[in-house]
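In: what's the 3D shape of this:
(chains A and B)
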Protein chains: 2
Amino acid sequence: MRATVINGPHDIRVEQVPDPVIAAPTDAVVRTVLACICGSDLWAYRGVAARQPGQRIGHEFLGIVEEVGAAVRGVKPGDLVVAPFVWSDGVCAFCREGLQTSCPHGGFWGSVGSDGGQGEAVRVPFADGTLVRLPKEAAADPHLMTGLLALSDVMSTGHHAALAAGVRPGSTVAVVGDGAVGLCGVLAARRLGAGRIIALGRHADRTAIARTFGATDVVPARGEEAVAAVRELTGGVGAHAVLEAVGTEESMRTAIAITRDGGAVGYVGVPHGGSAGVDIGEMFNRNVALRGGVAPARAYIPELLADVLSGAIDPAPVFDATVDLDGVPGGYKAMDERSALKVKITF
Amino acid sequence: MRATVINGPHDIRVEQVPDPVIAAPTDAVVRTVLACICGSDLWAYRGVAARQPGQRIGHEFLGIVEEVGAAVRGVKPGDLVVAPFVWSDGVCAFCREGLQTSCPHGGFWGSVGSDGGQGEAVRVPFADGTLVRLPKEAAADPHLMTGLLALSDVMSTGHHAALAAGVRPGSTVAVVGDGAVGLCGVLAARRLGAGRIIALGRHADRTAIARTFGATDVVPARGEEAVAAVRELTGGVGAHAVLEAVGTEESMRTAIAITRDGGAVGYVGVPHGGSAGVDIGEMFNRNVALRGGVAPARAYIPELLADVLSGAIDPAPVFDATVDLDGVPGGYKAMDERSALKVKITF
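Out: This next block holds a predicted model:
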């Protein structure tokens, strides 16, 4: 089959690789229907996150089950399924309590020795624990399929940020970052009943999506200027719940600064700024909590899926460009240059 | 009157100072009956936290109301009262929601221009918002009075750590630090129904108190050795709820390392290590939350008071030495040298 590999910084290729096979009785092989490129893939693309030359890449996909191992019970060939961005065994203590990202048998697509999502097919370990079945009828609706693809990571991650920040009905919420995860955070906050949602972002096309997703205010600024603007919008006190969806030192500093005393930052931006932006003295004095991390998408997909199917939420607009497999290297370039927000890959 | 002042590092004196007077109609003057020295006072004593020469010190006291301003309704002369370590107006949004430490009119005893707790009397701003009445009969019971004094800070702070760490019935809890706050954290965790409480501390006399307070295990180690020991005690996964009651880089690093994935560190040690111990990458990967800060003792005192009065909790054993006002400088020395755990001051 053909799959995307990363050979080094800015060197994304589509190459012939071995076809996936059932290696363990709990495996499934999924033929990819849709995949996409994640903002976090750009850390590898830019050489900030190390990868071995030739490593697969991509961790968001949905597809059709092609083959299952002898022990798989929950899915069968022909099923339409979506995969969360981490596989997990589904039976350990962490999986049972909904923190599948801490499953001792879990792993990330594209890690060394595993398939990535940006290829024609994927060997899925622990298929019963990992995959979520989708209604077959969805396959006939391209817009719906695009929304369902978002469950794999960005919508689930936005939801994780909103839960971690403690969004409740009526909360004043601020979202730092206008990437796909930030936008999904806006959608998740609205879904949880936020009374006011302030989106921080400097890209007018993205904050326009934020408004359709439920943002009541937009702050097109960064750093101290953004902090001042949010304080002004909130009577000087900041937002109860702040979603941090960037992962830099500056974004973390901003997120903490705009959190109301006693509130929380829900952070899901993969941290690339170290702890320097975590002002523990300020957090201490104002009882600002910091909560979040890698989102257990597998725990959230069933609940969010129902809302995507009903139309209660529609994350599809975060995808603003589409490529086929051969177009993947160009898709990375477009996202790196910010000419695309999030690139969908069709097979 | 006479009160304790700090003139510089290691220079604590008892001096003649002006008698407190009612300066605002919401003030009260309280004649001190009991006060104490806090571990956090040692940061000033050691010169780590800056103080102006001659500044008052001490933020924990209980006493008898001597005089009240015209607007005070909740307390009257002759009432026995305890003060939380921060005063607050009692009427703002933060006070109403139980985060009195963020009251815009609040302040710390001993801050420039205010009285400290380690003196014969204290001018109390916003007496109605700040003071909590105690039953007069308590005055006849020295042991009970000592326990009530702990409500002013250490018991309330330990409770804050336990709440912030998310201690629930059955939780596995670890407490980093065997100072008075850490010990009170053990007591608070037991009160909240923790199933197992691991106390980390290297002072046998202190961890002996931890055991009487409810610790089921003691780890007399620090750093990597402590982390390994807690992991071994918890089947390799760590504790659901970790109370950080020290405030150094190493203690924070240890606290995060011994928290179970998905759990929380409740931190109340005044941070003196900067953010270096806050390993945001580890927190992210394992969904470890960081929550806490300066404890809103005023919010907790009524609830904890009931349990001290009933005997359900008895924090009095954290005081292992008693001095009179003239003995305060010696009390600081004893705590600094760790020959005393926490020094009570009688008047």
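In: contacts, neighbours, all on C-alpha from now
Out: Will do.
In: tell me the buried residues in stretch A:310-321?
Out: A:313-319, A:321 (16 or more other C-alpha atoms under 10 Å in any protein chain shown).
In: could you do stretch A:319-333 as well?
Out: Across stretch A:319-333, burial judged by 16+ other C-alpha under 10 Å covers A:319, A:321-323, A:325-326, A:328-329, A:331-333.
In: which of the residues you listed lies closest to B:M1?
Out: A:F319 (71.9 Å; C-alpha to C-alpha).
In: gap between A:S88 and chain B?
Out: For A:S88, the distance to chain B equals 14 Å [C-alpha to the nearest C-alpha, to the nearest Å].
In: I'd guessed that residue sits against A:C95; true?
Out: Yes. Taking contacts as C-alpha atoms under 8 Å, A:S88 lies within contact range of A:C95: 7.2 Å.
In: show me whatever sits in contact with both of the two.
Out: Residues touching both A:S88 and A:C95 (C-alpha atoms under 8 Å, 6 or more residues apart in numbering or on different chains) are A:101, A:103.
In: among those two, which residue is more densely surrounded?
Out: Between A:S88 and A:C95, counted using other C-alpha atoms under 10 Å in any protein chain shown, A:S88 has the larger neighbour count: 30 against 22.
In: for that one, which non-adjacent residue is closest in space?
Out: Spatially, and ignoring its direct neighbours in sequence, A:S88 is nearest to A:G106 (4.2 Å; C-alpha to C-alpha, 6 or more residues apart in numbering or on different chains).
In: ramachandran angles for the one you found?
Out: Dihedral angles phi and psi of A:G106 (degrees, to the nearest 10) take the values phi -80, psi 170.
In: between the buried residues of stretch A:319-333, which is closest to chain B?
Out: A:Y332 (24.8 Å; C-alpha to the nearest C-alpha).
In: now the closest one: which helix or strand?
Out: helix A:328-336 (DSSP states H and E).
In: that helix: how far from the chain's middle?
Out: Computed by C-alpha atoms, centre = their mean, to the nearest Å, the separation of helix A:328-336 from the middle of its chain amounts to 18 Å.
In: CA atoms of that helix as CSV?
Out: Output in CSV follows, covering the C-alpha atoms of helix A:328-336 (Å, rounded to 0.1, in the frame of the first residue of the first chain):
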residue,chain,number,x,y,z
VAL,A,328,-0.3,15.3,1.4
PRO,A,329,3.1,16.9,1.2
GLY,A,330,1.4,20.0,-0.2
GLY,A,331,-1.1,19.8,2.6
TYR,A,332,1.6,20.0,5.2
LYS,A,333,3.2,23.0,3.4
ALA,A,334,-0.2,24.8,3.3
MET,A,335,-0.8,24.3,7.0
ASP,A,336,2.8,25.2,7.8
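In: state the number of residues packed around the closest residue to A:A334 other than its chain neighbours.
Out: Nearest non-adjacent residue to A:A334, counting by C-alpha to C-alpha, 6+ apart: A:A340, 5.2 Å away. By the criterion of other C-alpha under 10 Å, A:A340 has 17 neighbours.
In: sec struct for A:A340, please.
Out: State at A:A340, reduced to three classes by DSSP: H, G, I helix; E, B strand; the rest coil: coil.
In: identify the residues contacting it.
Out: Contacts of A:A340 (C-alpha under 8 Å, 6+ apart): A:320-321, A:331, A:334.
In: cutoff 7 Å now
Out: A:A340 is in contact with A:320-321, A:334, counting by C-alpha atoms under 7 Å, 6 or more residues apart in numbering or on different chains.
In: wait, the residue nearest to A:S88 touches A:V91, no?
Out: No. Under the criterion of C-alpha atoms under 7 Å, A:G106 is not in contact with A:V91, lying 11.1 Å apart.
In: who has more neighbours out of the two?
Out: Under the neighbour definition other C-alpha under 10 Å, A:G106 and A:V91 were set side by side, and A:G106 has more, 19 against 15.
In: okay, that one: pLDDT?
Out: In this model, A:G106 is scored at 98, pLDDT.
In: quick check: it vs chain B, distance?
Out: 12 Å.
In: got the residues of chain A near chain B?
Out: Counting by C-alpha under 7 Å from any C-alpha of the partner chain, the positions of chain A adjacent to chain B are A:99, A:102, A:261-262, A:271, A:274-276, A:278-281, A:283-294.
In: do that again at 8 Å, thanks
Out: A:99, A:101-102, A:261-262, A:268, A:270-271, A:274-276, A:278-281, A:283-294 (C-alpha under 8 Å from any C-alpha of the partner chain).
In: mind giving me the PyMOL command for buried ones among the residues you listed?
Out: Buried residues within these, by 16+ other C-alpha under 10 Å, are selected in PyMOL with:
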select buried, chain A and resi 99+101+102+261+262+268+270+271+274+275+276+278+279+280+281+283+284+285+286+287+288+289+290+291+292+293+294
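In: mind checking which of the residues of chain A next to chain B land in strands?
Out: Among those, the ones falling in strands (DSSP state E) are A:261-262, A:289-292.
In: pLDDT-wise, which helix or strand of chain A ranks last?
Out: helix A:41-45 (a mean of 94; mean pLDDT, DSSP states H and E).
In: give the next helix or strand downstream of that helix.
Out: strand A:55-56.
In: let me see the mean pLDDT of that next one.
Out: Strand A:55-56 comes out at a mean pLDDT of 98.
In: ok, stretch A:89-100 next?
Out: 98.
In: tell me which residues in it are buried?
Out: Neighbour-count burial for stretch A:89-100 flags A:89-90, A:92, A:94-95, A:98-100 (criterion: 16+ other C-alpha under 10 Å).
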